[in-house]
Every structure is written in structure tokens, then in C-alpha cells.
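Visitor: My questions concern the predicted model and sequence given below.
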Amino acid sequence: MENSSKFQLQRTLSIQSCFRELNCIPASGDYDQHKYIGFLTWASGSLTLERTNSARNLALYVPLYLAALKGDWEEAKEFFNLHPQAITARITNGGESVLHIAAGAKRIVFVEELVKMMDPLDLALKNKYENTALCFAVASGITKIAELMVAKNRYLPMIRGINGVTALHIAALLGYRDMVWYISSVTDSQFLTKEDYVGLLIATISSDLYDVALHILEQKPELAIERDPSGETALHVLAQKTPAFSGKSDLGIWQRCVYRCVSAKLLNKTGRTSNFRLLNVVMNLTGIQGVIEKTLMQSQALELVKFLWKQVLFLLDDSEIGKLLRSPSRPLFIATEFGNFEFIRELLLSCPDLIWKVDEQSRSIFDIAVIHRQEKIFKLLYDIGAYKDLITSYKNPSNCNMLHLAANLAPSNRLNIVSGAALQMQRELLWFKEVEKNMLPLYKEMKDSEGRTPQMLFTQEHKGLVESGEKWMKDTASSCMLDATLITTVMFAAIFTVPGGYNNDTGTPMFLKDKSFIIFSMSDALALFSSVTSILMFLSILTSSYAEEDFLESLPKRLIIGLTTLFFSIASMLLAFSASFFIVVGHQHQLAWIIIPIALTACVPVTLFAFLQFPLLADVMHSTYGSGIFSMERNERHY
């Protein structure tokens, strides 16, 4: 302990003398903040290098490194008694000190005790990548660790790390909301440049910290039109944030019900619950918390779009807005490509003339919506009345109109949103037919630069998908047909080998008058008839011609009937088994207790089949008999 105290005293005197020589600390004790921060940056590197040179062998610090990783403060304290210089020495090849390691390992108690032993300047020491221990603390996401360091040296947030990045920027990039709010509260705003603010704004949007982004814009609204080094504005980045505008489309049935009831007004601006603190556990278990957070995020994202676009309209003239929308990232068209309907809707509400904007290939937002199969945005076409004919008449340099674009195969990420090649083909046909409805007769037969009409292009582009759909349909039908055939065979034989046998005198079943026998007979007949129907449906699928039009209604309808009757036959077969089992065992009183468990077990295969096949059946029924992907009242206006 005596050696440690002596070392600490010498180090303190040395630091103070350096401050005096650089005129950072006048005799009065007051000093210039910017000079002090500059000195920290210089001195941390110089002193660290000096102490690194004195550390001849990194192997000496292995026990300390392991203690910091484990958070074993007692072992580290013993090491410091023997080697007091280890407090600030580099103990890794990357030049990290023990404080770097403990902060990155999220060891709160270890960091707390270590900070007590260190001088404020020690906390500013950097590794060879120019990162301080605060950068590691911020990267850990543990706000308490950062608070301990800043309480010791309040200038740490102003010391830049690798490539001049601030601790605040690191927190924003990693998406740690609480850390961002804390670091921003202890960071001197005069220290941040305009470039820092732009980078911070872009980082918060990229990390879905929309409340932080709104706070920044409220303080500096001019940032709405500033570009980062890659040439993107906040609006460009937000246009690509699909989850922020997805609504309830990616939620389950239970979550959708919660979504309708949840109001983002129940939460405060920072995203922390204000009225539900006592119910957090229950909400996490039921999924309500996730829905609340999603609702809040979408509300904030929508508010951010409104604020950004309002500032764009206020700060830029028409020509500059046109340049913004035609820039390489093209926020209007990128949002259309990603399907950010609410984003597009907000822009159109403020500036309806945007529907006439085209990209470098003379494509409107509706053309982009057709290419990327974004039905919600495409349906905005119904709201513009007679102008629709003008929009659909646009042609690109290859003389392709909107119907040609619909004839092209959809991108894989949009094609795979339904299961099975046959359903994908059906979806492609639905798109082509819907776009065709909105085209003037002249454009339906227009040829592109290669002499192809839209129908010719569709057949050419979807040839492979038709073949895959045929294979998928035949494989599905063959598998299901085998199951139906087995059920038919068993049910046909079961009616001639009734449970309990026959009366030798009359030839009638012994339990003919029992209710359970009537249930057995009816369920056996229903299972037989439904399985035969299922076989016929799957046989018709196997013998189909597989023309393009067959995938639109004919094949899906047969698949629906086949799967439905197969499910019904399985349920009837198990009901027949349960009734037969009751007839055989029910009269044995010592075995009566086993009837209910067996009957319940019989429900398992039916439930399993329903869970496995219901998603496929629901998809087919929705697109064939239901409202489909283009469901919308024609007089319903979106904007």
C-alpha cells in the first residue's frame, strides 16, 4: 500500500505540473474547457504510451485481465497492491487498460471500485484505436457504468474515439435509447459540430430511435435537409425503414386485437411506459408490451415523416425539392419499393403533385409499386380518377408500359411471401389481371422494343414458375391422395367388420340400437364419402393441363376442396374409431376410465393436421374466394 500511495502522489504532481506548463489551469484553479479537453486527448495518449513502454511483458497482466472479465475485484485489488502501475497500464495487444476491459465486460461493481482509485485523467486513457473506456461503457449498453465514469470526469463524453466518433454517436449507432438520453445530457452541445449532428440524426433513424431523432430536429430543424457523407438526408434513410410503417400486417391474431386497442398516447415521448409500470411482467408474457412498443415506434416514425417533409417544403424551393426526390437514393421511389405506404401517404397529402414525378427511367411511383408488387401503394391509383389513364400511359425508354412491368417476374423477396410455387403463380396472375383492368385497350397490345406484347412477356417470364407450380401441385396432390386412399380402404372395410360382431340368428349387428353404434356408422360413412371426394379432387389436379389460367382459379379451387374433404375424412375416421372403442370397452366397467383419455388422444392427429395444413388452406382460400390482395372499396380514399 505504501508503494501504491507513493506512485499515486508522484502521478498527481506530474499531471498538475503538465497542466500548469500548458496554461490549462491558472493559479486560481479555473481553466478553459476546450484547452482541458485538448490536453486530455494529448496527455492520455502520451502518458499511456509512456506506461506501455514500461510494461515489458503483457503476460504479467493476464491475472488482472481475467479478474476484470470475471468482475473479481478482490483479486484485482491484490494485484494493484503488488503492481500499482497496472491501474493505467495497457494489458492487451489492443492497448486496453483494465478499465476498458471491465467496462466492456459490464462489471458494474468492479468499475465502481476501480474508478475510485483512479484520477480523472486516467479515465481519458485511450487504446491504440483511440477509444476511451467510456466508449467501451457506451458499447456495453449499461448506463450505470457510463454514469460512474462521467461522475469522475465530466469531460469524457467530449473526447472522440476512433475516426473522430463521439460516445453519443456510438450509443446512437448501437440503438441504446437510455444510453443516448444520458450521454446527450452530459455532452456539451458546443462541442458538437454540424457534421456530428447530421451523423447523429442519421444514426438515430437507422437504429429506430425516432423519439431521439424528433428531439434533435426540434432543437435544430435545419438538419432536415442536411446530407451525410454518402449524400443521404434523414428523409432518405427513413424511406427505407419498412418495420416503422408496417402497421399490424406482421402481427399475430391476438396481437392485432391488442394493436387496435393500444394508443400511443398512453406512453411518454421517450418511449418509456408511464401508465403501465406495474403491469410490465404481465404485458411481456401476453405480448402486449411488444405491441405497445411497436405502436409507439410507428407513431413516432409517422410524426418524424411529417416533421421532415414540413421542413423540406419550408426550407427548399420547387427545383431543390425535385433534386432531392431525383437524387441517387430517391426517397419517394425507395419508400415505394419498400412498401412504406404511410410514408408515401404523408408526402402525397402535403404535395399531391408528387404522383406525376418519375425517375430516370420515366417510371412513376405506381410503376415502381407494380414492379415490386406493393399493392397498398398501387391502390392509390384508384383515387386519382381520370388521371389514372394518363399515369398508366407512361412508357420507359424500352417502350414498356405498366402492363409490361406487371408481366415481369416479381422480385424474389416479394414472390416468396406466399408458400408454394402454384400460389406464387396465382399471385402473379392476380397482379397481371388487376393492372390489365386499369389499362386502355391500346396499351394492352403494345409491343416493347423487342416486339413483345405484355401477354407474350408474361408467358416468357413465368415459364419456369409454371413448371415449378405444376411440380408443386402434383407432389402435394400425390401425397394427399395417398392418405385419402388409405382412409377409403380402411373405412370401406370397417363397415363390414362392425364392433361387437353380428347376431347369428338375424345377421344384424349386436349393438345396432346403441347410440355409439349409430355414431360409428355415420362417421364411417362420412369418412368414406369425403375421402373418395378428396381422391377425385386430387386426381383431377394430377390430370390437369396446367395452363397459365388454371393457376388462377381452377387448380386452387380443387386444392381447397381436396384438403377440406381430406381433413373432414380424418376427423370422421377418428370419431368412428372412438365410437367403436367405446362399444368394445364401454361395457367393461373396470376399463371404463380409459375411454376419455383415448378419445382425447384421438383429437391430437386432427389438431396436428389442422395446424400443419391450415396456413396453406387459408392462403389459397383468401386469394381465391376471399377478398384477395386487391380488396378495397373503390370509393374509399387513401388521401
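Guide: That came through, no problem. Numbers count the residues shown, from 1 in each chain.
Visitor: Nearest residue to Asp359 in space, ignoring adjacent ones along the chain?
Guide: Phe333 (5.4 Å; C-beta to C-beta, 6 or more residues apart in numbering). Quick note: C-beta positions are derived from backbone N, CA and C, even for glycine.
Visitor: Check the offset of the helix or strand where that neighbour lies from the chain's centre.
Guide: Assessed by DSSP states H and E, Phe333 sits inside helix 331-338. Centroid displacement of helix 331-338 relative to its chain, using C-alpha atoms, centre = their mean, to the nearest Å, is 17 Å.
Visitor: One more: stretch 391-406?
Guide: Counting by C-alpha atoms, centre = their mean, stretch 391-406 comes out at 33 Å from the chain centroid.
Visitor: Check what contacts that stretch and list those residues.
Guide: Applying C-beta atoms under 8 Å, 6 or more residues apart in numbering, the contact partners of stretch 391-406 are 355, 358, 361-364, 366-367, 370-371, 381, 384, 431-432, 434-436, 438-440, 443-444, 446-450, 452, 454, 457-458.
Visitor: Report all helices and strands that the helix or strand hosting Gly464 contacts.
Guide: In the assignment (DSSP H and E), Gly464 maps to helix 463-494. Counting contacts by 3 or more C-beta pairs under 8 Å, 6 or more residues apart in numbering; DSSP states H and E, helix 463-494 is packed against helix 421-437, helix 515-542, helix 554-585.
Visitor: who's in contact with Glu436?
Guide: Contacts for Glu436 (C-beta under 8 Å, 6+ apart) come out as Leu403, Ala406, Lys444, Pro454.
Visitor: how many other residues sit next to Leu528?
Guide: A count of neighbours around Leu528, defined by other C-beta atoms under 10 Å, yields 22.
Visitor: Please apply the same query to the one 3 residues further on.
Guide: By the measure other C-beta under 10 Å, the count of residues near Ser531 is 28.
Visitor: Repeat that for the one 4 residues further on.
Guide: Residue neighbour count, defined by other C-beta under 10 Å, stands at 23 for Ile535.
Visitor: these two touch, right, it and Leu486?
Guide: No - with contact defined as C-beta atoms under 8 Å, Ile535 does not reach Leu486; the gap is 10.4 Å.
Visitor: returning to that earlier point: show the subsequent helix or strand relative to the helix holding Phe333.
Guide: helix 341-350.
Visitor: residues in contact with that following helix?
Guide: Here helix 341-350 makes contact (C-beta under 8 Å, 6+ apart) with 238-239, 245, 247, 298, 301-302, 305-306, 309-310, 313, 332, 335-336, 354-355, 365, 374, 376-377, 380, 638-639.
Visitor: So among these, which ones count as buried?
Guide: The neighbour count (16 or more other C-beta atoms under 10 Å) marks 238-239, 245, 298, 301-302, 305, 309, 332, 335-336, 354-355, 365, 374, 376-377, 380 as buried among the contacts of helix 341-350.
Visitor: So which of those residues are in strands?
Guide: Among the buried ones among the contacts of helix 341-350, no member falls in strands (DSSP state E).
Visitor: Among these, which ones are in helices?
Guide: Leu238, Gln298, Ala301, Leu302, Val305, Trp309, Leu332, Ala335, Thr336, Ile365, Lys376, Ile377 (DSSP state H).
Visitor: Need the contacts of Glu436 in JSON lines (columns: neighbour count, pLDDT and distance to Lys463).
Guide: Below are these laid out as JSON lines (neighbours: other C-beta atoms under 10 Å; pLDDT from 0 to 100; distance: C-beta to C-beta, whole Å):
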{"residue": "Leu403", "neighbour count": "23", "pLDDT": "94", "distance to Lys463": "18"}
{"residue": "Ala406", "neighbour count": "25", "pLDDT": "94", "distance to Lys463": "16"}
{"residue": "Lys444", "neighbour count": "14", "pLDDT": "91", "distance to Lys463": "21"}
{"residue": "Pro454", "neighbour count": "26", "pLDDT": "94", "distance to Lys463": "15"}
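Visitor: now, among those residues, which is nearest to Ser230?
Guide: Checking the contacts of Glu436 against Ser230 with C-beta to C-beta, the nearest one is Ala406 at 32.8 Å.
Visitor: Disregarding flanking residues, what is the spatial nearest neighbour of that closest one?
Guide: Closest to Ala406 by C-beta to C-beta, 6+ apart is Val435, at 4.0 Å.
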